[in-house]
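Engineer: Show me the folded form of this:
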Amino acid sequence: MAKVQVANVTVLDNPSQFCNPIQFEITFECIEELKEDLEWKMIYVGCAESEEFDQILDTIYVGPIPEGRHMFVFQADPPDTSRIPVNDALGVTVVLLTCSYRKQEFVRVGYFINNEYSEQELRENPPPQPQFDKVIRNILADKPRVTRFKINWDDGSNSLGTNITEGIEAQSTVEESTQDVPSAFTENTQNSMEVM
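Structural biologist: Numbers count the residues shown, from 1 in each chain. Modelled structure (predicted):
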């Protein structure tokens, strides 16, 4: 059983100018004390066809974690626009929140983002080079996609083999069922944070 459950994620300052920081308020529950840190990452998918353009916007470490309910705001600078392909600058992309314990990812929450110009004229006649200072970022906050992976939470090595194998099988099942989804974004059947 997972020792950490994400209870809620709230997108802050949304919609927002593309160049503003991206902010999430994350609430999670820990069913027993964790002696080591949780590693949280925020990843911006720059291009659906290639992970080469994914950007880790920030990584933070939270811990050690006492038993109970915890909440924090995860804020990161916007993506580096020079690393986003021109053809993928506008339209729909994805931002991912991942959490790992002992370098084992156990949860991934993904949100679709719609980037478009705030001015009608620019939407109808987009310039050849994107003008990010005039782009509005809208994170589709009510439609998160949640993926969970089984990991080994314990110090003991007795259960390590079983748990790692189960984790690999769980990940393979998710990836096989979502072949048409961008490689950096796996999808679960659970579409609401309320069912977490």
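
Engineer: which residues touch Phe28?
Structural biologist: With contact taken as CB atoms under 8 Å, 6 or more residues apart in numbering, Phe28 is in contact with Val4, Gln5, Val6, Ala7, Arg69, His70, Met71, Cys99. Backbone N, C-alpha and C define where each C-beta goes, glycine included.

Engineer: should've said Cys47
Structural biologist: Going by CB under 8 Å, 6+ apart, Cys47 touches Phe53, Ile84, Pro85, Asp88.

Engineer: give me phi/psi at it?
Structural biologist: Its backbone dihedrals place Cys47 at phi -150, psi 130, with angles given as degrees, to the nearest 10.

Engineer: Give the ranges of residues in the chain that sit below the confidence cut-off.
Structural biologist: Applying pLDDT under 70 to the predicted model, the residue ranges of the chain that meet it are 155-196.

Engineer: quick one, helices of it?
Structural biologist: Counting by DSSP state H, one finds helices in the chain at the ranges 120-124, 160-176.

Engineer: circling back: which two in the contacts of Phe28 are spaced the farthest apart?
Structural biologist: The span of the contacts of Phe28, defined through CB to CB, is set by Arg69 and Cys99 at 15.4 Å.

Engineer: Name the single longest strand found in the chain.
Structural biologist: With DSSP state E setting the assignment, residue counts place strand 104-117 as the longest strand in the chain.

Engineer: Figure out how far it is from the centre of its chain.
Structural biologist: For strand 104-117, the distance between its averaged C-alpha position and the chain's averaged C-alpha position is 4 Å (CA atoms, centre = their mean, to the nearest Å).

Engineer: can you pull the buried residues of it?
Structural biologist: By 16 or more other CB atoms under 10 Å, the buried positions in strand 104-117 come out as 104-113, 115-117.

Engineer: Dig out what the residue nearest to the spatial centre of the chain forms beta bridges with.
Structural biologist: Among the residues of the chain, the smallest C-alpha distance to the mean C-alpha position (CA atoms, centre = their mean) belongs to Leu96, namely 1.7 Å. Beta bridges link Leu96 to Ile43, Gly110 when assigned by DSSP bridges.

Engineer: I'd say it and Val109 touch.
Structural biologist: Yes - between Leu96 and Val109 a contact is recorded at 7.1 Å, counting by CB atoms under 8 Å.

Engineer: How about the residue in this structure that sits furthest from its center?
Structural biologist: Farthest-from-centroid check, the chain (CA atoms, centre = their mean): Glu121, 32.2 Å.

Engineer: Look up how far Pro128 lies from that residue.
Structural biologist: 15 Å (CB to CB, to the nearest Å).
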